[in-house]
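Visitor: structure for the following, please:
(3 chains)
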Amino acid sequence: MSGDHSHNEDQIDCGSRVNDSHKHKDKYKEKEHKHKDHKKDKEREKTRHGNSDYKDFSDKKHRDKEKEKMKHKDGSTDKYKDKHKEKRKDQKMKSLDGKVKKEKENGFASPQHLKSEPEDDFYHSPKHDKSLKRERDDDNDSEFKPKKIKTENDKKVKKRKQEDENMKSKKTKKQKGEVTDGKKKAKKEPEEKWKWWEEERYTDGVKWKFLEHKGPVFAPPYEPLPSHVKFYYDGKQMKLSPEAEEVATFFAKMLDHEYTTKDIFRKNFFKDWRKEMTGEEKAIITDLKKCNFVEMSDYFKAQSEARKAMTKEEKLKIKEENERVLQEYGFCIMDNHKERIANFRIEPPGLFRGRGDHPKMGMLKRRIRPQDIIINCSKDSKHPEPPPGTKWKEVRHDNKVTWLVSWTENIQGSIKYIMLNPSSRIKGEKDWQKYETARRLKKCVDNIRNQYREDWKSKEMRIRQRAVALYFIDKLALRAGNEKEEGETADTVGCCSLRVEHIKLHPESDGQEYVVEFDFLGKDSIRYYNKVPVEKRVFKNLQLFMENKEPDDDLFDRLNTSILNKHLQELMDGLTAKVFRTYNASITLQQQLKQLTNSEENIPAKILSYNRANRAVAILCNHQRAPPKTFEKSMQNLQTKIDAKRDQLSDAKRELKSAKADAKVRKDEKSKKAVETKKKAVQRIEEQLMKLEVQATDREENKQIALGTSKLNYLDPRISVAWCKKWGIPVEKIYNKTQREKFAWAIDMADEDFEF
DNA sequence: CGGACGACTTAGCAGAAAAAAA
DNA sequence: TTTTTTTCTGCTAAGTCGTCCG
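Guide: Below is the predicted model of the structure:
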């Protein structure tokens, strides 16, 4: 239990988060651009959180101003990080200390590395692989190791045994093994749920030995519009070339979306659209405002109506076709097991929609063709054939990576991949591993915390910055905050990239001392707003970091994620900034469950407690969502139900009363019985009422909170499984089907006394 | 040795599907 | 049934982090 110390408590209450944007309007309004050298000053409006009043930080603008050097009392050299900002300004001070830690190679962030040797033959015979199979994370998990048979009913035990047996034989022959061993091939059923978690893992960076798949499913080709659907330019009908028409339809489909009204979106779209036009078209179409896409738009709306109105036979047919495609392309064979592929369909062309104020919104995301595609599979598999008359860009055989297909996307120039489903071995192992790393952090987090507190006093500025940043990451679960290239993406930040303008210091606020007010846009342009009291030393340090800086200067000018992670790596093997999020999320869930679950309560009430614990985590991690469009209405409906139930309750009470009176007079068995019945009715209704009220509360509290992200990515599923087992709650109440597939390993291995 | 790049995880949302209500 | 509401799934953008390379 080294992990749960008071500090955790803080996680739950780590500041007063206010989601409501209004409170904050005007905030940045005033700043004016002293240097308006910035190209992007234009309208960047709000994100949904702030709506237009959240006048954004647009002006980070001139981060180009040359920053003068501020001197820091500790005399260390100058800033370390102006870098990317002004396009690599020039100064590159290097930090004088070079702690370079050797890095670990294999993908498993755990100790014990075995050097990966060059290895020229990927497909060496199954026979001699192995030997070192490393068990999941060294320490402590012996408890979850393959099977110790817990007392279960015979049937189960038997089955287990048999499985063990299988396993054994499999192990010896490993890969080769069951291809032959069973006619299972015949039947669809993948040999009844493969328990990969009971097998050994690769240790040397090899991700698989055999991989075969059918390649991607391409987006359907463009179907030209019927001739009665016209496009008008400047009032005059105009027939577009197929290429130009296709791009026009992308715009037409988004016509009622608000971003077709945004300047950047329109400008980017128009520019890319023109590239698709023929010479004549280009000559004529020079102003987007004169384009009339209404008929096209109406046509698509009609189409979608028609689709909805299809008969069920037609719908069924489509469904069957989809199923067929899924069966054919949705699976691959990896090391003798059939595994589900996550995204086997290539992204269709369209207009790029970034999140937040994205400088590239509206650009044309081009169609991906076979010649853009790289196929990855094993040499000894039959690789997928490109569609007739086309070629793949490349077919490679790299078993050090997990992807099956990749291509380069044209908006940011990044690579996209087709990979396996979360239920696959390859994803599951990694996920499991992630939680094991977080559990290792639990063991040393106290030391780490003591150390960073010490570091607040360091005389080296870089150390202090690092220590304060780490404190934020730990206490507030902030993301690391890599630097981003300006102008390529929306302006968002994480811990290391916070700027002075993102925090405000209040020596005293609402009766608390040393309060820091955070307000910035994080991943996906989700606003993070929080007011949190910090320790005095932290506060003083922040004042120091902010001295002589402009609002758009980096708060931690001598820190970046790579420095921070290098440091963390020294504190614990495999430790990086994001491990803190995982750790704090999971430990918070565990502790909240402990605290909130009331053994007396019934299942729905316990589930409510679970949701509350989950919610505490979501709040910690700032997982927000847009309130559902129908939220108000659905709240109202619920309220109506509650009112109705209330009336029903008072009626029932009235009846009970009269029954009592009646019984008093009559004193016969029958009337007594009637009283009992009424009493029961009242009770039942009270219970129902309570349930509704609880539901209303739950829903209201959840208005802007998204529970899914934490459940899927941050909470060790074994905590939830153990909780379910402990209280006799069916896991289906907590995890739906896909989630159960993803967490099959946890459901299988955790028992009720699992401790994170 | 820092920055670009590659691989992989994490994220919210829109639309489909399922469930509940009418 | 059909319609409405809720839940789930697919999609793909946007992060993190390690490594490769000039």
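
Visitor: tell me, how many residues neighbour A:Leu225?
Guide: A:Leu225: 21 surrounding residues under other CB atoms under 10 Å. Every residue, glycine included, has its C-beta placed from N, CA and C.

Visitor: if I look at it, how far off is A:Lys290?
Guide: Remark: distance between A:Leu225 and A:Lys290 (CB to CB, to the nearest Å) = 19 Å.

Visitor: hmm, stretch A:713-722 touching DNA strand B?
Guide: Yes - judged by CB under 7 Å from any atom of the strand, stretch A:713-722 and DNA strand B are in contact via A:713-714.

Visitor: using PDB, list the CA coordinates for that stretch.
Guide: Coordinates of each C-alpha in stretch A:713-722 appear next as PDB, following Å, rounded to 0.1, in the frame of the first residue of the first chain:
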ATOM      1  CA  ASN A 713      -7.800   3.300 -21.300                       C
ATOM      2  CA  TYR A 714      -7.000   4.100 -17.700                       C
ATOM      3  CA  LEU A 715      -8.700   1.800 -15.300                       C
ATOM      4  CA  ASP A 716      -7.100  -1.500 -14.600                       C
ATOM      5  CA  PRO A 717      -9.900  -3.800 -15.600                       C
ATOM      6  CA  ARG A 718      -8.900  -6.200 -12.800                       C
ATOM      7  CA  ILE A 719     -10.100  -3.700 -10.300                       C
ATOM      8  CA  SER A 720     -13.500  -3.600 -11.800                       C
ATOM      9  CA  VAL A 721     -13.600  -7.400 -12.200                       C
ATOM     10  CA  ALA A 722     -12.600  -7.900  -8.600                       C
END
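
Visitor: list the buried residues in that stretch.
Guide: A:714-722 (16 or more other CB atoms under 10 Å).

Visitor: with stretch A:730-748 instead?
Guide: Neighbour count says stretch A:730-748 has A:731, A:734-735, A:739-747 buried, by 16+ other CB under 10 Å.

Visitor: from these, which land in helices?
Guide: Here DSSP state H is the test, and the buried residues of stretch A:730-748 give A:739-742, A:744-747 as lying in helices.

Visitor: need the residues you listed in TSV (columns: distance to A:Glu632 and pLDDT).
Guide: Listed next are these as TSV, based on distance: CB to CB, whole Å; pLDDT from 0 to 100:
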residue	distance to A:Glu632	pLDDT
A:Gln739	29	97
A:Arg740	33	96
A:Glu741	35	95
A:Lys742	33	96
A:Ala744	39	96
A:Trp745	41	96
A:Ala746	37	96
A:Ile747	37	96
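
Visitor: need the longest strand for chain A.
Guide: strand A:512-521 (DSSP state E).

Visitor: what is that one packed up against?
Guide: When contacts are defined as 3 or more CB pairs under 8 Å, 6 or more residues apart in numbering; DSSP states H and E, strand A:512-521 sits against strand A:503-509, strand A:527-533, helix A:536-546.

Visitor: domain map for chain A?
Guide: What the TED database lists as the domains of chain A is A:211-218+A:329-421, A:231-309, A:427-572, A:588-749.

Visitor: could you dump the ones you listed to JSON lines with distance to A:Asp204?
Guide: Below are the domains of chain A laid out as JSON lines (distance: least, CB to CB, whole Å):
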{"stretch": "domain A:211-218+A:329-421", "distance to A:Asp204": "9"}
{"stretch": "domain A:231-309", "distance to A:Asp204": "45"}
{"stretch": "domain A:427-572", "distance to A:Asp204": "14"}
{"stretch": "domain A:588-749", "distance to A:Asp204": "22"}
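
Visitor: any idea which of those domains has the lowest pLDDT on average?
Guide: Note on the domains of chain A: lowest mean pLDDT is at domain A:588-749, with a mean of 90.

Visitor: how distant is that one from the center of its chain?
Guide: 27 Å (CA atoms, centre = their mean, to the nearest Å).

Visitor: try stretch A:451-466
Guide: Worked out by CA atoms, centre = their mean, stretch A:451-466 lies 31 Å from the chain centre.

Visitor: tell me the buried residues in that stretch?
Guide: For stretch A:451-466, by 16+ other CB under 10 Å, it's A:452, A:455-456, A:458, A:460-466.
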